[in-house]
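Undergrad: Structure for the following, please:
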Amino acid sequence: MDSFDVAVVGGGMVGASFALALSRTRLTVVLVEGVAQGSLAQPSFDERTTALGNASRRIFQSLGAWQRIAPEAAAIRAIHVSEAGRFGFARLDAREQGVEAFGYVAANRVIGTALYDRLRADARVAMRVPARVAGLDIGAERAELALEGERGAERIAARLVVAADGAESRVRLAAGIDARVKEYEQVALVANVRADRPHDGTAYERFTSSGPLAVLPLHDGSYTVVWARAPAQAAETLRLEDDAFLAELQRHFGWRAGRWVRAGRRAAYPLKLTRATAAAGTRAVLIGNAAQALHPVAGQGFNLGLRDAAALAETLAGAEGDPGAAQLLARFAAQREADRRGVVGFTDGLVSLFGDARGPIGLARLLALLLFDLTPPAKSALARVSTGFGGRTPRLARGLPLT
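TA: Presented below is the predicted three-dimensional model:
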């Protein structure tokens, strides 16, 4: 039976990034992922897009992956926030905040390819891809994983199991860690669309009566749309012909980006907040969506998960001895608590604030947007969201070496 210091279960963007970060340490690492990276069935690396904050960009630069992502990433040079039916809006300009861009938008497929190219080139991470975890036994001294994959059935052992296997994490369940779930009763509609003119690097967040609508720039001049709607509305919108869908989008979004002229394939994903009751257990620790899966309204879920990965890699790389020691995992959990709590609260608060249809709340939102647009300190605070809400910023997120 092969033995490793760390077994990473889940080879999506967070899990692959974490494994790549650890490849430069003394630790032996195995990455376990059930779906091959190039497969159309791989949900982490499909045509959906991710907004990467500058801290995430610096992490990818440190991992040697940004050079592959950058040519197909669109810079977010401005952010426009508005509410349908009201005159108030807020604007953020990257130049006013002294940065080149607030972040970048890239296809998950591009990010995944960049990470796996680096992992294959490095060869210091053992790959079990594709392989699924058929069983997991966690003991006081080590964990044993039963795998089924291209090698057939095999068992491996690890002193630490890292759960990067998503909101329905099997590792979290095996570790005896509960999760609280809040249903938003919304479905995210995702599609790529093109307007009659190329974008200028502006990302839009528009709050509509049916849910928040994000319109993000893409590297080819088009946009990706993430539209949160009630399930019945989402199902109806999915059934529309392209022209009818574009007309519905135009009606809710307006004309600030031009006329919508073409739509790509649409997909839908149910939305809920899932948060683990603990960040770590015996010989197990949670990162990414296994720890917290967020509403996409503020585009912070992946950025938070990537900071999880960077912080855990830094904690393990700087420690001597057992990587699964309880005190080490407790230290990591304590370091990440403020950031996790802040981002979850910020995201959930936005959903609640802009989902309240009562008149006084609507007036308060209008005043808040107007004041925000006139207050430089508020803009500066929001511009720094991608670096974290508290606690220590990981070294990789500051552009520094892991140790």
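
Undergrad: Going by C-alpha atoms from here, please, whenever you check contacts or count neighbours.
TA: Fine.

Undergrad: give me the number of residues near Ile59?
TA: A count of nearby residues for Ile59, using other CA atoms under 10 Å, gives 28.

Undergrad: whoops, I mixed them up, Glu183
TA: Neighbourhood size, Glu183 [other CA under 10 Å]: 10.

Undergrad: just Leu216 next, same as before
TA: Per other CA under 10 Å, the neighbour tally for Leu216 reads 28.

Undergrad: what helix or strand is it on?
TA: strand 211-217 (DSSP states H and E).

Undergrad: what sits up against that strand?
TA: Here strand 211-217 makes contact (CA atoms under 8 Å, 6 or more residues apart in numbering) with 74-76, 105, 186, 199, 201-207, 223-230, 253, 297, 351, 354-355.

Undergrad: would Ala235 count as being in a helix?
TA: Yes: assignment of Ala235 by DSSP: H, G, I helix; E, B strand; the rest coil places it within a helix.

Undergrad: and the residue most central in space within the chain, what is it in contact with?
TA: Centrality entry for the chain: nearest residue to the mean C-alpha point is Phe302, 1.4 Å, by CA atoms, centre = their mean. By CA under 8 Å, 6+ apart, the residues touching Phe302 are 14, 50, 52, 288.

Undergrad: can you map out the helices along the stretch 151-300 of the chain?
TA: 170-174, 231-239, 242-253 (DSSP state H, counting those that start in this stretch).

Undergrad: Alpha carbons only: can I get the shortest one in CSV?
TA: Included here for helix 170-174 are C-alpha records, laid out as CSV according to Å, rounded to 0.1, in the frame of the first residue of the first chain:
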residue,chain,number,x,y,z
ARG,A,170,-17.7,12.8,1.1
VAL,A,171,-14.5,13.5,3.1
ARG,A,172,-16.3,15.9,5.3
LEU,A,173,-19.0,13.3,6.0
ALA,A,174,-16.4,10.6,6.7
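
Undergrad: what does the average pLDDT come to for it?
TA: Average pLDDT, helix 170-174: 97.

Undergrad: okay but Ser56 is in contact with Ala397, surely?
TA: Yes: contact criterion CA atoms under 8 Å: Ser56 and Ala397 qualify, at 6.3 Å.

Undergrad: which residues are in contact with both of the two?
TA: Common neighbours of Ser56 and Ala397 (CA under 8 Å, 6+ apart) are Arg307.

Undergrad: average pLDDT for stretch 205-221?
TA: pLDDT averaged over stretch 205-221 gives 89.

Undergrad: and what of stretch 71-90?
TA: For stretch 71-90, the per-residue pLDDT averages 83.

Undergrad: Now tell me what touches it from outside.
TA: Contacts for stretch 71-90 (CA under 8 Å, 6+ apart): 91-95, 100-107, 110, 200-209, 217-219, 252-253, 366-367, 369-370, 372-373.

Undergrad: Could you do stretch 160-180 as well?
TA: For stretch 160-180, contacts defined as CA under 8 Å, 6+ apart pick out 5-12, 14-15, 136-138, 142-143, 273-278, 280-293, 323-324.

Undergrad: For Gly342, grab the count of nearby residues.
TA: The burial count for Gly342: 15, using other CA under 10 Å.

Undergrad: which SS state does it fall under?
TA: Following three-state DSSP, Gly342 is assigned to helix.

Undergrad: pLDDT score for it?
TA: pLDDT, Gly342: 88.

Undergrad: Next, work out how far apart it and Gly301 are.
TA: 12 Å (CA to CA, to the nearest Å).

Undergrad: same deal with Asp220?
TA: 24 Å.

Undergrad: quick one, helices of the stretch 301-403 of the chain?
TA: 301-317, 326-355, 359-374, 376-383.

Undergrad: residues contacting Gly64?
TA: Arg118.

Undergrad: Tell me how many other residues surround Leu160.
TA: 26.

Undergrad: and Leu400, how many residues sit next to it?
TA: Neighbour count of Leu400, defined by other CA under 10 Å: 12.

Undergrad: correct me, but it touches Ser62?
TA: Yes: Leu400 sits in contact with Ser62 when judged by CA under 8 Å, with a separation of 7.4 Å.

Undergrad: Leaving out sequence neighbours, find the closest residue to Ala191.
TA: Using CA to CA, 6 or more residues apart in numbering and skipping residues adjacent in sequence, the residue nearest Ala191 is Arg266, 4.7 Å away.

Undergrad: any weak-confidence spans in the stretch 101-250 of the chain?
TA: Across the stretch 101-250 of the chain, nothing is flagged by pLDDT under 70.

Undergrad: coming back round to it: which of the helices of the stretch 301-403 of the chain has the lowest mean pLDDT?
TA: Among those, helix 359-374 scores lowest, with a mean of 48.

Undergrad: on that earlier part again, neighbouring strands for the strand holding Leu216, and are they parallel or not?
TA: Next to strand 211-217 in the sheet, as set by DSSP bridges, lie strand 202-208 (antiparallel), strand 223-229 (antiparallel).

Undergrad: Pick the most deeply packed of these.
TA: strand 223-229 (a mean of 26; mean count of other CA atoms under 10 Å).

Undergrad: So what's the residue count around Asp242?
TA: Using other CA under 10 Å: Asp242 sits among 17 other residues.
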